[in-house]
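Chemist: got a predicted structure plus its sequence, pasted below:
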Amino acid sequence: MNETIKTIFERASIRAYSSEPLTESELETLAKCALAAPTARNIQTRRFYFITNKVLINEIEREVVNIIYASGDELM
């Protein structure tokens with residue numbers, strides 16, 4: 001079987017995450033993968049932010065939840 005097809009069939013959606021931070025090497029690999037990924041209609045403009053500060057992550061999460069609630073989105 002083609003490796004791409006095999007990967008698609010074997011993928012899983014993960015909803016539980018480890019609190020263990022990624023290593024610098026893992027972050028580097030993730031950044032390289034993100035930069036190598038294709039863009040819609042080959043539009044190259046994109047930005048990736050790798051936030052590792054837990055206080056900032058919690059602050060962003062609170063703001064996103066507030067925005068979703070304010071929008072009236074019933075999924076939250």
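Modeler: Here it is on my side, so go on. Numbering: from 1, shown residues only.
Chemist: name the SS class of P21, please.
Modeler: Here P21 takes the coil state, with states given by DSSP: H, G, I helix; E, B strand; the rest coil.
Chemist: can you give me the pLDDT of it?
Modeler: Note on P21: pLDDT of 89.
Chemist: verify the stated contact: it with N53.
Modeler: No - using CB atoms under 8 Å, P21 makes no contact with N53, being 10.3 Å away. To be clear about C-beta, it is placed using only N, CA and C from the backbone, and glycine gets the same treatment.
Chemist: list residues touching both of those two?
Modeler: Between them, P21 and N53 share no contacting residue under CB atoms under 8 Å, 6 or more residues apart in numbering.
Chemist: which positions in stretch 49-57 come out as buried?
Modeler: When neighbours are counted by 16 or more other CB atoms under 10 Å, no buried residue of stretch 49-57 is found.
Chemist: endpoints of it, how far apart?
Modeler: 11 Å (CA to CA, to the nearest Å).
Chemist: state the mean pLDDT of that stretch.
Modeler: Mean pLDDT, computed over stretch 49-57, is 93.
Chemist: tally of neighbours for I60?
Modeler: 13 (other CB atoms under 10 Å).
Chemist: kindly report the same for A36.
Modeler: A36 has 7 neighbours, counted by other CB under 10 Å.
Chemist: pull the distance from the longest helix out of those in the chain to the chain's centre.
Modeler: Ranked by residue count under DSSP state H, the longest helix found in the chain is helix 54-71. Between the centre of helix 54-71 and the centre of its chain there are 16 Å (CA atoms, centre = their mean, to the nearest Å).
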